[in-house]
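> the sequence isn't on hand, but the structure is:
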């Protein structure tokens, strides 16, 4: 039997919308388990979230720096495999940078970084680290999108001849 992939989460504490979305999406296929996290800059809130998620208290950390350092020290068969970053958008860069440098793969929602310079710097870190940086687009996990994908791949819609997409900007 294949073991579950161990996830650590940065952000997503009490009342945070996108953290719950990512936890739900990660659990949908039963192949990922949340085992560690720092869910808030307020350690009390982080501990509260860890209790709510039934995590071991010693795997709920005060900062992402502490989590990445302590997880790296754990035996390979116990430590997290990747980090899910669900902080506010402008706070994506530094945790992603450190996670990659510490040898962890990273999953985060768009936008990747606050600006183009951070994105280019993160791309260089990815290139040097030989780790993965996965940028999610939350709509891909929606049941209607999964059903539409199924219809296309199984031919239920027939031959797709043209796709028309548009964007409205005011």
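Now that the structure is in, tell me what you want to look at. All of these numbers come straight from a predicted model, not from anything done at the bench. Numbers count the residues shown, from 1 in each chain.
> so the residue sitting nearest the centre point of the chain: helix, strand or coil?
Closest residue to the average C-alpha location of the chain: residue 84 at 2.6 Å, with Cα atoms, centre = their mean. Assigned by DSSP: H, G, I helix; E, B strand; the rest coil, the conformation of residue 84 is strand.
> list the beta-bridge partners for it.
Beta-bridge partners for residue 84, by DSSP bridges, are residue 9, residue 107.
> for it, give its distance to residue 152.
Distance from residue 84 to residue 152, counting by Cβ to Cβ, to the nearest Å: 28 Å. Any C-beta I mention is one placed from the backbone N, CA and C, and that applies to glycine too.
> residues in contact with the nearest residue to residue 20 once chain neighbours are set aside?
Excluding its sequence neighbours, the residue lying closest to residue 20 (Cβ to Cβ, 6 or more residues apart in numbering) is residue 12, at 6.9 Å. By Cβ atoms under 8 Å, 6 or more residues apart in numbering, residue 12 lies in contact with 18-20, 22-23, 37, 39, 49, 84, 86.
> now do the residue nearest to the centre of the chain, the pLDDT please.
Turning to residue 84, the model gives it a pLDDT of 96.
> was I right about it contacting residue 5?
No. Residue 84 is beyond contact range of residue 5, at 10.9 Å (criterion: Cβ atoms under 8 Å).
> how close does residue 40 sit to residue 156?
For residue 40, the distance to residue 156 - Cβ to Cβ - is 44 Å.
> out of those two, which sits in the more crowded spot?
residue 40 (21 against 10; other Cβ atoms under 10 Å).
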